[in-house]
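In: Need the 3D shape of this:
(chains A and B, ligands or ions: 2)
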Amino acid sequence: MAGGRKAKPAKPKAPTTTLVIDNGADTLKAGFVRGGKIDEPRIIPNCIARDRSRKVYVASDLDKCRDFGEIQFRRPVEKGFIVNWEAQKEIWDHEFFDDNAPMKCDPAETRLILGEPPNGLPMLETNCDQIVFEEYGFSSYYRGIGPTFNAYHDIQSMFQTPKDAPTVSNAPSEAVMVIDSGYSHTTITPLLQGRPLQSAIRRLDVGGKVLTNYLTRLISLRHFDMRNDTYIVNEMKELSCYVTSDFKSDMEKSWKGTRGERRPDFVSGGGLAKDYILPDFHARSKGILCDYEPARHSKARKAAGQSEEDALTLRNERFAVPELIFSPADGGIRQPGLANLIQDSLNELPAGLWPSLLANIVVVGGNALFDGFIQRLQKEVVQRVPDDCIVRVARPADPITNTWYGAANLANHSQINKLAVTKKEYEEHGAAWVARKFATGLGTTFLVRFVKVEDGIYHRLHLALDHPPDDLLQSRAVVVDVEGDKLALPAAQKPRQQQAPGEAGPAAARDGAAHEHVLAPGEEEVVRRRVQVRRRVAHVVDDQAEDLAFLLQRVDDAAGLVVDDVICACFFAERRFCG
Amino acid sequence: MNNFGVIELASAKTTAAPGWAYVPDTSVNRSAPANRKRARNVPGLSIGDQTVRQETKRRKEAEALDRDGGRDNTIPLPVKSGRAQGKHTPNVRKILQSQKTFGNYLDDFLALQALTESNTAASSRSNAAGANNKKAAPNKRDTPSSSRQPAPEEDTQMLDADLPPLLPPPYKILPPDDQADSDPLLVSRVPEMPSDEELRKLLARPPLNYGEATGDWNEKYPVRVFCEVCGYWGRVRCMKCGTRVCALDCLEAHREECVTRYGL
Ligand SMILES: [Zn+2]
Ligand SMILES: [Zn+2]
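Out: Ligands and ions are numbered 1, 2, ... in the order given. The predicted structure is shown next:
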């Protein structure tokens, strides 16, 4: 296989193999997209574990572990972000790069797509990019916000909405609200055409980890100490817990009642109480959930030693644990619950976007597997939004791999060529540039500045960080660097035809001279041009040398623009005569 | 059916433990000032002390929930044979050797942010030449952009957009069709889709930083109180330590622990 690949005479511009990794704190989801074909991803424990006989397991080796009692973990990912690269590298090497790795690949011929949570720390992002290029040498790489990958699906097919709901069918699938509830946290990411609406992204610091810890606490208080058995409690949680649709009612059903007046539901179990038979790692390697059986717990039976199994009865723990996602204050966590946080996110956006976002709420991540999750979320969101808004909440067929499959679809989409960075570009421009490019994403990052040229005449200047549209004509602005030299001026251009994917626009815009226009008073015209300036500090001026200096949000200087921060600066200098 | 709290107090034997009293607690949240007078007559903690203690307990428990259960970062990596090691770049070596936690990185970030903010006034004075200073630039780039406000538009005027539409026409929200159209009660009050201009501006908003992305806790959010023994509603408060329990059974279970911890 590898020999065949090497024998190819000319290397294609973009690698034909993409390794897609959704690098979660608990498990990483990884698989290949080769020549357009999407392999099934593997779900690999993202940890190095040590059992009580002090045997160490790396990542997928954990399959071989037979005794999870008191097992300890070392996890490279903390709060959803790769923090400890010593451990992460061990796991990646073990799975992807060692000679006997189950998914062996050659980074020099592979593109990497890596998902991460939103709102990360710049330092950790830089570490990640440096490892990817400097240690592994991937030929191409994109690090993107995991939840955004979910847009690369047929969202509408996830909703089993009856056909007689006319408004719904008109709702744009272009707007999606992704709820990602995983091990580390739960995030809310509204998307418009796959692009994140950054200011409305929210995070609730309740995820599977917190829920497992909460169940551990409750069991340790009410039954016996399981604080060293997080792994077992986690399995118990996954098997027994559910999201209630009526917290108060289930609370009543599970209460014992007052002294001398035991409630019938409590005595019988009321269909709510369950017995969890703990694994003993001899006869049972996994716990078992059964209906509550009073006889199992009878003192006589226990005393007689008839009860061989360790069973514990779960009552309100079953629903009080996932309840933390909707009511974190129940566990002392002073953060708004998921529905309030969605409301908070919507309040950041114009009301006109609400209907389309609310009609397309997609829940992914392991916690979406709790029974009742999406129904409860739907119910709570409906209570908080205008009556006119239709609220639809969907769970994809497999909420755990949905993000991964989305990223795999992106690997096959032409947009990836705009998003990814090559090793050569990294070497040329450095880590800060790469970080900026990833942050820009698909980049309708238009920074708008109105500049008054003279009375009644305004220039509106749009600066697009990367990815100018293809229909640029010509421009009359002149870009001058600090020494007063004219920088590259574009030729007058015909509206461009569709560009081949991978062939980025900037290359086409290097030569030619400024094209002059004369506008008569009252005339209105949009003039556009494309310039490419790299590693220069430019002043942007119009053709009368009027300074069009503007403040950029992400760039350093008020007077000038550090143009090496962008691949291609694209100016829409619009001149209008008013009055 | 709800014969807990006061009612139970009346019918149950309560004299056994001196210094104990059952107080029905209807306040959702904090200790009610009305209870204060009675509380003074009871040995043990004052309500104020109880509140502080409960708050400390809450915070500690919330922190404990955030811990990574079963974490042991001292697990050694297996010794690998046959893998080419030690040819790392300086960057990579530094990253691999770092044993910083997420908390450490977050602290670094916050410190850098504070530093940058204190320097902002000075650096915003600088002109284009200042931007040539490559040494200064990286720090500022790590600054969360959201801490910086967009350019003030003091010299601006809004004009209509002539840019190609971000969302092509078919994506506009349509009102519900046919039968709904004629019914005045069902006339859509769905707000208009924002203008293209508005959408572009929204998409251009910079990311929030890590801390900014969490929701703000609002005191108006209800806080539910549970029995610390069995998890049912915590409608009775232990007068000694402020712990909530549901009723007599659980109070007695609690008392054992309470006595061990705080004495009689
Ligand atoms: Zn109780
Ligand atoms: Zn007490």
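
In: wait, isn't A:Ser181 in contact with A:Val210?
Out: No - contact criterion C-beta atoms under 8 Å: A:Ser181 and A:Val210 do not qualify, at 10.8 Å. (Glycine included, C-beta is placed from N, CA and C.)

In: which residues sit in contact with A:Tyr142?
Out: Going by C-beta atoms under 8 Å, 6 or more residues apart in numbering or on different chains, A:Tyr142 touches A:111-114, A:416, A:419-421, A:438.

In: Equivalent analysis for A:Lys64, please.
Out: Applying C-beta under 8 Å, 6+ apart, the residues near A:Lys64 are A:Tyr57.

In: And it, how far from A:Asp98?
Out: 17 Å (C-beta to C-beta, to the nearest Å).

In: where does chain A dip in pLDDT?
Out: By pLDDT under 70, the low-scoring segments of chain A are A:1-13, A:160-173, A:299-309, A:443-579.

In: If we use 80, what do you get?
Out: Flagging of chain A using pLDDT under 80 yields the residue ranges A:1-14, A:154-174, A:298-309, A:440-579.

In: in it, what residue is nearest ligand 2?
Out: Nearest residue of chain A to ligand 2: A:Leu221, at 14.3 Å (C-beta to the ion).

In: I'd say A:Ile219 and A:Arg227 touch.
Out: No - using C-beta under 8 Å, A:Ile219 makes no contact with A:Arg227, being 9.2 Å away.

In: The host helix or strand of A:Trp92 and chain B in contact?
Out: For A:Trp92, the host element (DSSP states H and E) is helix A:85-92. Yes - counting by C-beta under 8 Å from any C-beta of the partner chain, chain B has neighbours in helix A:85-92: A:85-87, A:89-90.

In: send the alpha carbons of that helix over as PDB?
Out: In PDB, the C-alpha atoms belonging to helix A:85-92 read as follows (Å, rounded to 0.1, in the frame of the first residue of the first chain):
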ATOM      1  CA  TRP A  85       0.900  16.600  25.100                       C
ATOM      2  CA  GLU A  86       3.200  14.100  26.700                       C
ATOM      3  CA  ALA A  87       0.200  11.800  27.200                       C
ATOM      4  CA  GLN A  88      -1.700  12.900  24.100                       C
ATOM      5  CA  LYS A  89       1.400  12.100  22.000                       C
ATOM      6  CA  GLU A  90       1.700   8.700  23.600                       C
ATOM      7  CA  ILE A  91      -1.900   7.900  22.700                       C
ATOM      8  CA  TRP A  92      -1.700   9.300  19.100                       C
END
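
In: in that helix, what's buried?
Out: A:85-92 (16 or more other C-beta atoms under 10 Å in any protein chain shown).

In: who's in contact with it?
Out: Against helix A:85-92 from outside (C-beta under 8 Å, 6+ apart): A:23, A:28, A:44, A:46-48, A:58-59, A:74-77, A:82, A:127, A:131, A:135-136, B:77-78, B:95-99.

In: Only the buried members of the residues you listed: can you turn that into a PyMOL selection?
Out: Per 16+ other C-beta under 10 Å, the buried members of the contacts of helix A:85-92 correspond to this PyMOL selection:
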select buried, (chain A and resi 23+28+44+46+47+48+58+59+74+75+76+77+82+127+131+135+136) or (chain B and resi 77+95+96+98)
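
In: check the contacts of helix A:85-92 against ligand 2, which are close?
Out: Near ligand 2, judged by C-beta under 5 Å from the ion, there are no entries from the contacts of helix A:85-92.

In: Mind checking which of the contacts of helix A:85-92 land in helices?
Out: Under the assignment DSSP state H, these contribute A:127, B:95-97 to helices.

In: between those residues, which is nearest ligand 1?
Out: The closest of these, once distances to ligand 1 are taken by C-beta to the ion, is A:Asn127, at 48.0 Å.

In: Identify the residues contacting the closest one.
Out: A:Asn127 sits next to A:82, A:85, B:95, B:98 when contact means C-beta under 8 Å, 6+ apart.

In: ranges for the strands of the stretch 201-350 of chain A?
Out: A:202-204, A:257-258, A:261-262, A:274-277, A:288-291, A:311-314 (DSSP state E, counting those that start in this stretch).

In: Give me the sheet partners of the second one and which way each runs.
Out: Strands adjacent to strand A:257-258 in the sheet, as given by DSSP bridges, are strand A:261-262 (antiparallel).

In: now swap in the fourth one and tell me
Out: Using DSSP bridges, strand A:274-277 pairs in its sheet with strand A:288-291 (antiparallel), strand A:311-314 (antiparallel).

In: Please produce CSV containing the contacts of A:Tyr142, extended by distance to A:Arg34.
Out: CSV is the format used below for those (distance: C-beta to C-beta, whole Å):
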residue, distance to A:Arg34
A:Arg111, 11
A:Leu112, 14
A:Ile113, 13
A:Leu114, 18
A:Ile416, 14
A:Leu419, 19
A:Ala420, 16
A:Val421, 21
A:Phe438, 24
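
In: List the ones among the residues you listed that fall in helices.
Out: A:416, A:419, A:438.

In: So the last one is in contact with A:Arg143, correct?
Out: Just to be clear, that refers to A:Phe438. Yes - between A:Phe438 and A:Arg143 a contact is recorded at 5.2 Å, counting by C-beta under 8 Å.

In: Residues that sit against both of these two, list them.
Out: Shared contacts of A:Phe438 and A:Arg143 (C-beta under 8 Å, 6+ apart): A:Glu125.

In: Neighbour count: the two, which is higher?
Out: Neighbour count, other C-beta atoms under 10 Å in any protein chain shown: between A:Phe438 and A:Arg143, A:Arg143 has more, with 25 against 21.

In: The one helix or strand that one maps to: what's the following helix or strand?
Out: Assigned by DSSP H and E, A:Arg143 falls within strand A:140-145. Going down the chain from strand A:140-145, the next helix or strand is helix A:146-149, by DSSP H and E.
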